[in-house]
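need a structure here:
(chains A and B)
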Amino acid sequence: MNTDWKLPRRKFALETRATLIQVIREFFLSRNYLEVETPHRIPAPAPEAHIDAFPSGEWFLHTSPEICMKRMLAAGYPKMFQICRSFRQRERGDRHLPEFTLLEWYRAGIDYRGLMEECEDLFLYLLGKMRGGTLLEYRGEKIDLEKPWQRISVRDAFDRFATTPMAASLEKDLFEEIMVRDIEPRLGRGKPTFLYDYPAALGALARTKREDRGLAERFEIYLFGLELANGFSELTDPDDQRRRFEGENLKRRSAGKDVCPMPERFLESLRHLPESAGIALGVDRLAMIFCDALSVDEVVAFTPEEL
Amino acid sequence: MYTASDLRKGLRIMLDDDPFIVIDFQFVKPGKGQSLYRCRLRNLLLGTTVDRTFREVDTFKPAETQEKTMQFLYKEEDHYNFMDTESYEQIHLMEEQIGDAKNFLIENMEVRILLFRERPIDITLPNFVDLIVAEAPPWIKGDTVSGNYKPVILETGYKVAVPPFIEQGEKIRIDTRSGEYLTRVKE
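Reported below is the predicted structural model:
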């Protein structure tokens, strides 16, 4: 059955997407970032409770380029970015594709707060080049990208928008449900939002705060209620990282999932990882906003169902 | 047994001992958290809808239903009459049980009727049906920008977007699951 007649209808979206990716590249090159390519097929992805890699022979398709890029960071590449396909099993919805495009970048010498500022600059640059101005419009709603964006901690967001506080939500295993139902729809309205300081249990590769070990220096960016990026201050302690991975694997085991092999070389390299921050941004979702599309399906040439 | 990742629009599952059909479905996964499957389901016996959020670990029994091939006879006020093609027995479904299928039903069409403990509760159309275009704006010759499409009205009253070359009186094939145009049918 021929479904390819839908393809020409996506032409505008695919052209917009292509321009967007060029402009992203321009931004990072102008800031002297090195564009890198790391292998998509790796022996051991980072063990995480809720992210499932596709097996590829004896190895796996990466779920993000994090492991390899951090090894490079540890080996003396202080500013890097990559735009690449990443793969996660069973993630399919209006905002999810099992094969999707990530923009991931790392920078030595800054923490997650410094990274937030760079995010503000990136979005302003993108909008400036794509359309001009500081007002971004999506589905009839406008938000102002002018700095500074709204910053709200996860704990405050729970207090403000939900009836159950953050700690109790975690205990009752309702964190995600409350996040999706009560909090996310209210973020990134009028201004983009940084939601920051996640419970440490939800940031397996993020550094915890010196003043509160129960919190990780991790943030998410929201525009129009839509989650676009996840960044954090990098955890640089190999022993702590190993314990956290083991914790993630325990959660996997109790959920009946396969346990992930330990990325030993990655753990070894953490000994040399400088103070740094890194972030992954969903390019499909960003393209969705710039194309005024309702679903990521509209901004890719083929969805898995169309293959 | 189904798992949460099998959930999709149109799936029929047992929930609290009643048969339900998934009518709306959204996959969400906030941050690096667990996957949630937000569903709107219709109780196939009562016609009522409920919103439920499921998790990856949830499993479901398929709805205990049987299917029979029947022929659509005619519509009468708020219900649709069908005939069992083997026993010639007639049954009917109410308009709300028919749902979106009414957009594609034409007389004598063979469909699958779903029964739960002998009671007709739902209808499944063939995946592809051929319908005549009742009304179409004219094709502006030279409008060959292939990205364009236009709305037409089918013999059932259903509105659908088609490529510009489709004209009134032509037969086109519709995918009843998505409600989308697939191809022109030449006879």
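
And the residue of chain A closest to chain B?
Per C-beta to the nearest C-beta, residue A:93 is where chain A lies closest to chain B, at 2.9 Å. Quick note: C-beta positions are derived from backbone N, CA and C, even for glycine.

Quick check: phi and psi on that residue?
Main-chain dihedrals, residue A:93, degrees, to the nearest 10: phi -170, psi -170.

Ok, the one 10 residues further on next?
Residue A:103 adopts backbone torsions of phi -100, psi 120, taken as degrees, to the nearest 10.

Tell me the bridge partners for the spatially closest residue to it that is not a sequence neighbour.
Leaving out its chain neighbours, the residue that sits closest to residue A:103 by C-beta to C-beta, 6 or more residues apart in numbering or on different chains is residue A:281, at 4.5 Å. Beta bridges link residue A:281 to residue A:103, residue A:229, judged by DSSP bridges.

How confident is the prediction for residue A:281, by pLDDT?
If you check residue A:281, the pLDDT there is 98.

That one and residue A:13: what is the separation?
Between residue A:281 and residue A:13 the distance, using C-beta to C-beta, to the nearest Å, works out to 18 Å.

which stretches of chain A form strands?
Using DSSP state E, the strands of chain A run over residues A:34-35, A:41-42, A:55-56, A:59-61, A:79-87, A:99-108, A:135-138, A:141-144, A:150-153, A:193-199, A:208-209, A:212-223, A:226-233, A:276-282.

I'd like the ones you listed as CSV, with mean neighbour count appended.
As requested, the strands of chain A are exported to CSV (neighbours: other C-beta atoms under 10 Å in any protein chain shown):
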stretch, mean neighbour count
strand A:34-35, 12
strand A:41-42, 16
strand A:55-56, 12
strand A:59-61, 19
strand A:79-87, 20
strand A:99-108, 22
strand A:135-138, 16
strand A:141-144, 14
strand A:150-153, 16
strand A:193-199, 24
strand A:208-209, 18
strand A:212-223, 22
strand A:226-233, 23
strand A:276-282, 24
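
I'd like the ones you listed laid out as TSV, including distance to residue B:153.
Compiled in TSV, those are given as follows (distance: least, C-beta to C-beta, whole Å):
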stretch	distance to residue B:153
strand A:34-35	51
strand A:41-42	51
strand A:55-56	49
strand A:59-61	46
strand A:79-87	41
strand A:99-108	37
strand A:135-138	31
strand A:141-144	32
strand A:150-153	47
strand A:193-199	44
strand A:208-209	61
strand A:212-223	38
strand A:226-233	35
strand A:276-282	39
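
in the chain, which ranges drop under the pLDDT threshold?
Since you didn't name a chain, this refers to chain A. Residues of chain A meeting the criterion pLDDT under 70: A:1-3.

Wait, chain B was what I had in mind.
For chain B, the ranges with pLDDT under 70 are B:141-147.

How is chain B divided into domains?
Domains of chain B are assigned by automatic domain parsing as B:2-62, B:65-124, B:128-184.

Run the chain-centre distance for the shortest one.
Translated: domain B:128-184. Averaging C-alpha positions (C-alpha atoms, centre = their mean, to the nearest Å) puts domain B:128-184 18 Å from its chain's average.

end to end, how far does that domain reach?
Start and end residues of domain B:128-184 are separated by 12 Å (C-alpha to C-alpha, to the nearest Å).

Measure how buried the nearest residue to residue A:123 once chain neighbours are set aside is and give me the count.
Distances taken as C-beta to C-beta, 6+ apart put residue A:145 closest to residue A:123, at 5.2 Å, once the chain neighbours are dropped. Neighbours of residue A:145 under the rule other C-beta atoms under 10 Å in any protein chain shown: 20.

got a list of what the residue nearest to residue A:103 touches?
Shown in contact with residue A:281 (C-beta atoms under 8 Å, 6 or more residues apart in numbering or on different chains): A:102, A:103, A:104, A:221, A:228, A:229.

shouldn't the fifth one be in contact with residue A:221?
Right, the one you point to is residue A:228. Yes: shown here, residue A:228 and residue A:221 form a contact pair, counting by C-beta atoms under 8 Å, at 4.8 Å.

related to what we said a few turns ago, surely the residue of chain A closest to chain B meets residue B:26?
Yes: judged on C-beta under 8 Å, residue A:93 makes contact with residue B:26 at a distance of 6.1 Å.

So between these two, which is more surrounded?
Using other C-beta under 10 Å, the more surrounded residue of residue A:93 and residue B:26 is residue A:93, with 18 against 15.

May I have the beta-bridge partners of that one?
According to DSSP bridges, the partner residues bridging residue A:93 are residue A:96.

contacting residues for the residue nearest to residue A:123?
Taking C-beta under 8 Å, 6+ apart, we find residue A:145 in contact with A:120, A:123, A:124, A:127, A:134, A:135, A:136, A:191, A:192.

Of those residues, which pair is most distant in space?
Pairwise distances among the contacts of residue A:145 were taken by C-beta to C-beta; the largest, 14.7 Å, belongs to A:120 and A:135.

What is the three-state secondary structure of residue B:81?
strand (DSSP: H, G, I helix; E, B strand; the rest coil).

Can you list phi and psi of the closest residue in space to it that isn't next to it in sequence for me?
In this structure, residue B:81 finds its nearest non-sequential neighbour in residue B:73, 4.4 Å apart by C-beta to C-beta, 6+ apart. As for residue B:73, its main-chain torsions (degrees, to the nearest 10) stand at phi -90, psi -70.

how near is residue B:169 to chain A?
Distance of residue B:169 to chain A, computed by C-beta to the nearest C-beta, to the nearest Å: 21 Å.

burial of that residue, as a residue count?
If you count neighbours by other C-beta under 10 Å, residue B:169 ends up with 9.

Hmm, residue B:133 and it touching each other?
Yes: applying C-beta under 8 Å, one finds residue B:169 in contact with residue B:133, separated by 6.4 Å.

which residues does the closest residue to chain A within chain B contact?
Chain A sits closest to residue B:27 of chain B, with a gap of 2.9 Å, by C-beta to the nearest C-beta. By C-beta under 8 Å, 6+ apart, residue B:27 lies in contact with A:91, A:92, A:93, A:94, A:96, B:35, B:36, B:37, B:38.

List only those of those flagged as buried.
For the contacts of residue B:27, a burial check counting by 16 or more other C-beta atoms under 10 Å in any protein chain shown picks out A:91, A:92, A:93, A:96, B:35, B:36, B:37, B:38.

what sits against the fourth one?
Meaning residue A:96. The contact partners of residue A:96, by C-beta under 8 Å, 6+ apart, come to A:296, B:27, B:29.

ok, now the third one?
Contact partners of residue A:93, counting by C-beta under 8 Å, 6+ apart, are B:26, B:27, B:28, B:29.

what residues does chain B put near chain A?
B:5, B:26-36, B:38, B:53, B:56-57, B:128, B:146-147, B:149, B:163, B:175, B:181-183 (C-beta under 8 Å from any C-beta of the partner chain).

Among those residues, which lie within helices?
Among the residues of chain B next to chain A, no member falls in helices (DSSP state H).

Inside strands: which ones of those residues?
Cross-referencing these against strands under DSSP E gives B:26, B:27, B:28, B:36, B:38, B:53, B:128, B:175, B:181, B:182, B:183.

Which residues of chain A lie near chain B?
Counting by C-beta under 8 Å from any C-beta, chain A comes close to chain B at A:1-3, A:5, A:8-9, A:11-12, A:48-51, A:90-96, A:175-177, A:179-180, A:184, A:198, A:202-204, A:220, A:227, A:230, A:255-256.

For ChimeraX, what selects the buried ones among these?
Of the residues of chain A next to chain B, the buried ones can be selected in ChimeraX as follows, counting by 16+ other C-beta under 10 Å:
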select /A:3,5,48,49,50,51,91,92,93,95,96,175,176,177,179,180,184,198,202,203,204,220,227,230
